[in-house]
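Trainee: Sequence plus the predicted model coming up.
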Amino acid sequence: MIQERGLDMLQRRLWILLLPLAAPGCVSNTPQAPDAVTYQSDVIGVEEAHLSADFWVKRLPSPDAVVMDRAAIDDWNAQSFAADATMADLASYPAHLDGIAVRTMIESLSRRPASERYYEDGRPLIDADFARYEQALNTGALDGTVRTAFGLVVARANMRTFPTRDRVFNAVPAGDLDRFQEHALFPGEGVVVLHQSAAGDWLFVQSYNYAGWVAAEGIALTDRQTMLDYLSAPDFVVVTGSKITTAYNPHVAAVSELQLDMGVRLPRVHPAEAGNNVHGQNPFASYIVRLPVRADDGSLRLELALLPRNRGVSVGYLPYTRENVIRQAFEFLGERYGWGHSYNARDCTGFVSEVYKTFGLLMPRNSGDQGKSDIGGNQRFDADAADTQKTAALRALDPGSLVYLPGHVMMHIGNIDGEPYIIHDVYGLGYETEDGSYYRGVLAGVSVTPLLPLRLSAETSYVDRIYNIKTIQANGANQ
C-alpha cells in the first residue's frame, strides 16, 4: 500500500508540472487582443474554456441518452423513502405521535455543542444564552400525544437548529459557517408541523428529507389532503434556473417577484381556467402557476402567479440525460457557498440535490446520508484502499456520478487526458505547488476543478478520504 501511494504521489506531481495553471497567479497563454483582459486564476488545472457547460457536453459520447425514465425515477424515490430513515413520506406520516418521541427529535437537533460558540461580534455564548434558546423550545408542552398538522412553504425559509435568527460561529472572527443554520425550504414544499416554540413564532417541521425550526411566517397551514393534492398535481412546472422570480404583481405582494430556486415544482393552471387577465396582466407569454400564501390567521390561500416563459422553467421534469445533468450543474457556477443553504445559496449537498430534483430525483439532505445510502450504484472504499484503486474508478465514471468524502460531495463532469474533473460547491482550496509546497486558498462557491491534485491539508488529499462513488442509476448494484 505504501509503495502504491508513493507511486501515485509521484504521478500526481508529474501531472501538476504539466498543468497550464499550476501555481497561484498564473495567466493563460491563450492569444489575446492587446486590450483584452486575460484570464487569471489560482485554481489549479482550470482554463477559461472549462467554465462552459458546452466544453463538457461536447465530450459526452451520448449526451441525449435517457439514463433513467420516469418509472425508474419513481422506483428510486420509493426505495429511498423505504430504506432511509432520514427520508419522510409525508403522505403516510402518522396523524398522531407520542410527545416524548417529538421531544427526542427536537433535542437531538437542538442541543448544546461540546465546543465554544461565538456571536458575530465575538462574544462567546454563555449558559444563559443557551438557557434562553432551550426555553424557547417549549418541550415541556410535549407530555401527551401530538396531533400533527400540515402546511405548504410560502417563501424560501431557513431551517434552524434553535428557534432563533441569531447567527452563531465556532471561531473569532466569524467565518461563513453559521452553526445554527441547518437547511432551507422552498415555496411549494410540503411539511408536517410537529411543534411550536414558546412564543408561537417558530414551528418545528418535518420536510421530505429534514426536520428543524422554521419561522411560522414561512408556512401556510392546511389539511393533509389539500397539501398532497397540491404536491401531486399532474400538470406542473419545474424551476430549472438557479434562481428565478415570478412576474411583478402590484395586487398580491406575496407572489410578486417571489424567488424560486432550482427544483421547485408548482402546479400549472390552464389558460382556459385562468382567463386572459391574471392580476391585470395577460398571461399568454407566461406560465400560470398556483402559489401558496399565508393568510392572516396562518391558514393556506392559493394565488395565481405568472412565470415568464423566458426564465428557467420546464413543463414537467427534465429528461434525465448526461447533458442535462451538466447543464443544470453549470446553472449554479459561481454562486457563493452557503453552509446549510445560508447566504440565499446552498452548500455541497444542496447543490447536487437541487440539480437532481429537476429530474424528479429526491435525495437525503446530508452528504453522509447520501454517501451511506445503498440506493444507486456504489463503489465503496475502506480506509486501507489504495489511491490508485480510487483513481482508476474515478477515471471510469460517467458524468453526473457523485463522489463522497466525509462532509463533502462532488459531481464528476468528465476527464481531460484521463484526469477526472468535478463541479462542486466548496469553501476551501488546497493543492501542492510545483515546488512541493502546500498552497491554501479559498473558493467559497460552485467551482470546476480537477480532483486528483486537491488536498484537505498538506498531509491529506481528497482522494485519500474518498469513501464512496455513487452512480445515479436504476437498480445500481454495489461494486
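Mentor: Here it is on my side, so go on. Numbers count the residues shown, from 1 in each chain.
Trainee: Where does V191 fall, secondary structure wise?
Mentor: Here V191, judged by DSSP states H and E, is contained in strand 190-196.
Trainee: So which bits of that strand are buried?
Mentor: By 16 or more other C-beta atoms under 10 Å, the buried positions in strand 190-196 come out as 190-196. (Glycine included, C-beta is placed from N, CA and C.)
Trainee: try stretch 464-475
Mentor: Buried residues in stretch 464-475, counted by 16+ other C-beta under 10 Å: 464-474.
Trainee: With stretch 61-78 instead?
Mentor: Neighbour-count burial for stretch 61-78, with 16+ other C-beta under 10 Å as criterion, is recorded at 63, 67-68, 73, 76-77.
Trainee: now it: how far from the chain's centre is it?
Mentor: Its chain's C-alpha centre and that of stretch 61-78 lie 20 Å apart, by C-alpha atoms, centre = their mean, to the nearest Å.
Trainee: Stretch 356-370 too?
Mentor: In terms of C-alpha atoms, centre = their mean, the centre of stretch 356-370 is found 8 Å from the chain centre.
Trainee: quick check: mean pLDDT across it?
Mentor: The average pLDDT within stretch 356-370 is 97.
Trainee: about what we covered before: output the contacting helices and strands for the strand holding V191.
Mentor: On a contact count with 3 or more C-beta pairs under 8 Å, 6 or more residues apart in numbering; DSSP states H and E, strand 190-196 meets helix 99-109, strand 149-153, strand 202-206, strand 219-222, helix 224-231.
Trainee: The ones you listed: which one's closest to V237?
Mentor: Closest to V237 of the helices and strands packed on strand 190-196 is helix 224-231 (C-beta to C-beta; 13.5 Å).
Trainee: quick one: contacts for S299?
Mentor: By C-beta atoms under 8 Å, 6 or more residues apart in numbering, S299 lies in contact with 220-222.
Trainee: repeat for A82
Mentor: By C-beta under 8 Å, 6+ apart, A82 lies in contact with nothing.
Trainee: What pLDDT does the model give it?
Mentor: What the model reports as pLDDT for A82 is 95.
Trainee: ditto for G175
Mentor: G175 carries a pLDDT value of 87.
Trainee: Spit out the contact partners of it.
Mentor: F169.
Trainee: cutoff 10 Å now
Mentor: Contacts for G175 (C-beta atoms under 10 Å, 6 or more residues apart in numbering) come out as 169, 339, 427.
Trainee: can you check F330 too?
Mentor: Contact analysis of F330 by C-beta under 10 Å, 6+ apart lists 51-57, 242, 355, 413, 423, 446, 448.
Trainee: how close does it get to Y287?
Mentor: Separation of F330 from Y287 (C-beta to C-beta, to the nearest Å): 23 Å.
Trainee: With distance to T226, secondary structure and neighbour count as extra columns, can I get the contacts of G175 in CSV?
Mentor: Converted to CSV, the contacts of G175 look like this (distance: C-beta to C-beta, whole Å; DSSP: H, G, I helix; E, B strand; the rest coil; neighbours: other C-beta atoms under 10 Å):
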residue, distance to T226, secondary structure, neighbour count
F169, 40, strand, 20
W339, 34, helix, 19
Y427, 40, strand, 18
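Trainee: Make a markdown table out of these and add pLDDT.
Mentor: Formatted as a markdown table, the contacts of G175 follow (pLDDT from 0 to 100):
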| residue | pLDDT |
| --- | --- |
| F169 | 97 |
| W339 | 96 |
| Y427 | 96 |
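Trainee: what's the helix or strand for the residue positioned nearest the centre of the chain?
Mentor: Most central in the chain under C-alpha atoms, centre = their mean is G350, positioned 0.7 Å from the mean C-alpha point. Applying DSSP H and E as the criterion places G350 in helix 348-357.
Trainee: For that helix, name the packing helices and strands.
Mentor: Helices and strands in packing contact with helix 348-357 are listed as strand 181-185, strand 236-239, strand 259-261, helix 322-330, helix 367-372, strand 402-405, strand 408-416, strand 419-432; criterion 3 or more C-beta pairs under 10 Å, 6 or more residues apart in numbering; DSSP states H and E.
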